[in-house]
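**Student:** The sequence isn't on hand, but the structure is:
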């Protein structure tokens with residue numbers, strides 16, 4: 001255990017200069033390119049990343065087959081993935097995974113690209129659907145919920161352009177200095193970004209002050225950190241109960257949305273479902289419904305989802321699983 005921890009620390013130390021180089025290039029290069037040039041560079045970088053990221057490709061294949069309901073992975077515990085030989089990807093699976101890498105690279109590219117002339121650029125490459133405009137015009141504040149699908153960085157920016165004061169959450173990326181630099185880029189349009197650690201108080205105060213929240217819900221969040229166990233593509237996964245809590249406490253309606261990639265490299269924000277604040281009081285049921293909404297669009301557009309993330313790495317203990325099953329049974333009976 002000590003050797004493994006020491007090895008990770010060494011690798012992290014070696015990785016820092018390269019991370020700084022990547023961030024610096026992102027700010028210095030991507031932000032100064034025209035939109036089409038930025039997309040082309042991101043597509044090239046995603047192809048390189050796909051070529052060398054063997055572990056990521058394997059993880060993406062596993063997640064994709066979970067999404068598609070493949071028999072091969074139906075009963076496979078995530079812990080066995082590293083020791084299990086998966087069947088080679090089909091041509092369709094390869095194409096989906098390649099596009100997933102490209103979508104992720106383009107999303108990161110947009111985060112850097114919009115740090116200059118943020119309002120004009122976000123307006124040029126993104127558009128809000130009519131349903132989104134109607135919802136945002138009628139509800140201030142609001143809670144917008146999404147996942148790592150489409151260009152998630154653009155969602156809060158578009159809501160900001162519709163006149164909402166937006167707050168979002170960010171986790172550490174690399175060193176503290178790199179995290180501050182990325183946060184500065186993401187706040188260039190005027191939205192507020194709070195650190196994931198200790199985010200509760202500023203988000204709660206923000207929604208009380210009339211600010212809207214942009215939250216991602218498809219990440220693993222331990223129950224002791226505010227997570228709740230739900231089913232995600234049939235597998236138990238602990239995700240944040242934050243959207244339910246803030247919507248209920250702040251009496252703010254909720255829109256589950258995503259940014260659909262368009263053929264010209266732009267994006268359209270589409271609303272998948274809306275909920276009233278009182279519906280969020282049933283925390284587990286509401287959170288499960290949001291996850292189901294995201295599931296539906298991921299099944300239709302798996303290449304737009306970040307496939308190389310360890311969504312299913314956590315396993316519930318007996319008590320947690322029993323609680324999940326009991327909640328599911330109550331929902332069916334109710």
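**Tutor:** Alright, I've got the coordinates. The model shown is predicted, which means the values in this text are computed figures rather than measured ones.
**Student:** which secondary element of the protein has the worst mean pLDDT?
**Tutor:** helix 2-28 (a mean of 51; mean pLDDT, DSSP states H and E).
**Student:** Tell me the helix or strand right after it.
**Tutor:** Toward the C-terminus, helix 2-28 is succeeded by helix 35-52 as the next helix or strand (DSSP states H and E).
**Student:** residues in contact with that next one?
**Tutor:** For helix 35-52, contacts defined as CB atoms under 8 Å, 6 or more residues apart in numbering pick out 29-30, 33, 56-57, 97-98, 101-102, 104-106, 108-110, 113, 121, 124-125, 265. (C-beta placed from N, C-alpha, C; glycine too.)
**Student:** Flag every buried residue along it.
**Tutor:** Using 16 or more other CB atoms under 10 Å as the test for burial, helix 35-52 gives 35, 38-39, 41-42, 45-46, 49-50.
**Student:** same deal with stretch 94-107?
**Tutor:** 96-107.
**Student:** what's next to that stretch, contact-wise?
**Tutor:** Residues contacting stretch 94-107 (CB under 8 Å, 6+ apart): 39, 42-43, 45-47, 49-50, 53, 57, 60-61, 64, 89, 150-154, 261, 265, 302-308.
**Student:** Mind checking which of those residues are buried?
**Tutor:** Buried members of the contacts of stretch 94-107, counted by 16+ other CB under 10 Å: 39, 42, 45-46, 49-50, 57, 60-61, 64, 89, 150-154, 261, 265, 302-308.
**Student:** beta partners of residue 144?
**Tutor:** In this structure, residue 144 bridges to residue 214, residue 255 when assessed by DSSP bridges.
**Student:** sorry, that was for residue 275
**Tutor:** In this entry, residue 275 is beta-bridged to residue 254, by DSSP bridges.
**Student:** and the gap between it and residue 147?
**Tutor:** 16 Å (CB to CB, to the nearest Å).
**Student:** repeat for residue 244
**Tutor:** In terms of CB to CB, residue 244 sits 15 Å off from residue 147.
**Student:** Residue 203 contacts residue 168, doesn't it?
**Tutor:** No: judged on CB atoms under 8 Å, residue 203 makes no contact with residue 168 at a distance of 9.3 Å.
**Student:** rewinding a little: of the buried residues of helix 35-52, which is the nearest to residue 77?
**Tutor:** residue 50 (26.2 Å; CB to CB).
**Student:** Do a quick rundown of the helices in this structure.
**Tutor:** 2-28, 35-52, 54-68, 71-74, 91-113, 118-125, 130-138, 152-161, 176-186, 200-208, 242-250, 283-300, 318-333 (DSSP state H).
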